[in-house]
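>>> let me see the structure of the following:
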Amino acid sequence: FEVKSENKKTIWNTEEVPEGSEFDDSWDPREKPEYEISFKQHVGTEDVFFGMTGKDPSTAHCEDIVIKIKLPETKYSDITLDIQDKVLDLRTPKKKLLLHLPYPVNSKEGRARFLSEEEILEVTLRVSRNFDFINFS
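Predicted coordinates for the structure are as follows:
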């Protein structure tokens, strides 16, 4: 048996631990709220009428992820939201949501707003993509 890490007292290597597992609280009794994920892209007339930029309706061409989370009987001051590059962690006194995001996001450029009449938290996150033949702008 050989330990591959530099620290001989560690149990696992960092490569063996899945990303976001530090947020997993399987013992937490709070229920998971309902949520909806949608994608948003910025298009102009050159996209809609002429197809000049090559954008299509797939998620590969979307710039933002919009997550709407239903939080009934919740006040804005009770919400704790933590956004990492691939994980959204939301906590309230009655609800808990750990969401692994479908794409990496720029956690510094996100925004959230609480719609108190509808009791919905709307989180908009900018997708962080590497430039390739699809994502060139």
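>>> ok, the helix or strand hosting residue 107: who's next to it in the sheet?
For residue 107, the element it lies in under DSSP states H and E is strand 105-115. Strand partners for strand 105-115, identified by DSSP bridges, are recorded as strand 120-127 (antiparallel).
>>> can you list contacts of the strand it pairs with?
40, 62-71, 79, 81, 83, 88, 90, 101, 103-107, 109-115 (C-beta atoms under 8 Å, 6 or more residues apart in numbering). Glycine gets a C-beta too; all of them are placed from N, C-alpha and C.
>>> which of the residues in it are buried?
Of all the residues in strand 120-127, those buried under the rule 16 or more other C-beta atoms under 10 Å are 120-121, 123-125, 127.
>>> report the central residue of the chain.
By C-alpha atoms, centre = their mean, the chain has its centre lying nearest to residue 101, at 3.9 Å.
>>> surely it is in contact with residue 107?
No - with contact defined as C-beta atoms under 8 Å, residue 101 does not count as touching residue 107 (9.9 Å).
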